[in-house]
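**Q** sequence-free structure coming up:
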């Protein structure tokens, strides 16, 4: 299993922190996830293994792991890493990717820390000179919004890209439809706490909306 060295880390907003690892031989498509293992967290796989969507774009040449720091053994072991320390990865996967170059806009819906794949996707599309024809609806529990400066800059540079920040508002299919016109041709990318992604995803499917989903286990309405 590949072991990747920590290069640096930095705070994003609130209790959200980014850890920057070397990419090594890892290759990924923007929006995909990997399995990360920290033996320092304990011997049990339920404790020392977590799945994270890679927050960096492949063009950036390094792997960003952005997460909320909690009291869990894994997160505490992660927070203690110093540059040069290593983390083990077990393989990239996932189909939460936007590779279509068609002019039809998409809708990107993030619940809190579910924003990480959208950073990767948007930065990579910009690097490849592709249009950012999307509306990003970023639902967050408080004012501590990760990557806000980046998204605001992209919105200024790309008139086809719009971003809306929604603080402490419930994430519902009705709210999404109110803020971003939906149609059978409009794909919605839905990322965030598993319960939200399941419930809102089912409601969107009932409306006949094409859907891609990225589930973040371990988060709920109180800690996303």
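**A** Structure's in. What do you need? These figures come from a predicted structure and were not determined experimentally.
**Q** how many neighbours does the closest residue to residue 219 other than its chain neighbours have?
**A** Once flanking residues are discounted, residue 219 sits nearest to residue 193: 3.9 Å by CB to CB, 6 or more residues apart in numbering. No exception for glycine: its C-beta is placed from N, CA and C like everyone else's. Using other CB atoms under 10 Å, residue 193 is surrounded by 23 other residues.
**Q** separation between residue 193 and residue 100?
**A** Distance, residue 193 to residue 100, by CB to CB, to the nearest Å: 26 Å.
**Q** how is this protein partitioned into domains?
**A** 3-93, 106-216 (automatic domain parsing).
**Q** report the mean confidence score over the shortest one.
**A** Taken as a whole, domain 3-93 carries a mean pLDDT of 93.
**Q** and for the last one?
**A** For domain 106-216, the mean per-residue pLDDT is 95.
**Q** picking up where we left off before, any idea how far the residue nearest to residue 219 is from residue 28?
**A** Distance from residue 193 to residue 28, by CB to CB: 23 Å.
**Q** quick check: phi and psi at the residue of the chain positioned farthest from its centre.
**A** Centroid-distance maximum for the chain: residue 43 at 27.5 Å, with CA atoms, centre = their mean. Dihedral angles of residue 43 (phi, psi; degrees, to the nearest 10) stand at phi -80, psi -20.
**Q** got it, and residue 77?
**A** With angles defined as degrees, to the nearest 10, residue 77 sits at phi -70, psi -40.
**Q** what does residue 75 give?
**A** phi -60, psi -40.
**Q** over to residue 93?
**A** When read as degrees, to the nearest 10, the backbone of residue 93 gives phi -160, psi -180.
**Q** list phi and psi for the residue nearest to residue 219.
**A** Dihedral angles for residue 193 - degrees, to the nearest 10 - are phi -50, psi 140.
**Q** how near is it to residue 63?
**A** 23 Å.
**Q** tell me the contacts of the most centrally placed residue in the chain?
**A** With distances taken as CA atoms, centre = their mean, residue 116 lies nearest the centre of the chain, 2.1 Å away. Residue 116 is in contact with 52-55, 64, 66, 146, 191, counting by CB atoms under 8 Å, 6 or more residues apart in numbering.
**Q** the helix or strand where residue 196 lies: how far from the chain's middle?
**A** Secondary-structure element containing residue 196, defined by DSSP states H and E: helix 194-206. On the basis of CA atoms, centre = their mean, to the nearest Å, helix 194-206 sits 17 Å off its chain's mean C-alpha point.
**Q** again with stretch 114-125
**A** With CA atoms, centre = their mean, you get 6 Å for stretch 114-125.
**Q** check stretch 10-24 too.
**A** Per CA atoms, centre = their mean, the centroid offset for stretch 10-24 relative to its chain is 12 Å.
**Q** assign a three-state SS to residue 185, would you?
**A** coil (DSSP: H, G, I helix; E, B strand; the rest coil).
**Q** just give the nearest non-adjacent residue to it, would you?
**A** Nearest non-adjacent residue to residue 185, counting by CB to CB, 6+ apart: residue 104, 5.4 Å away.
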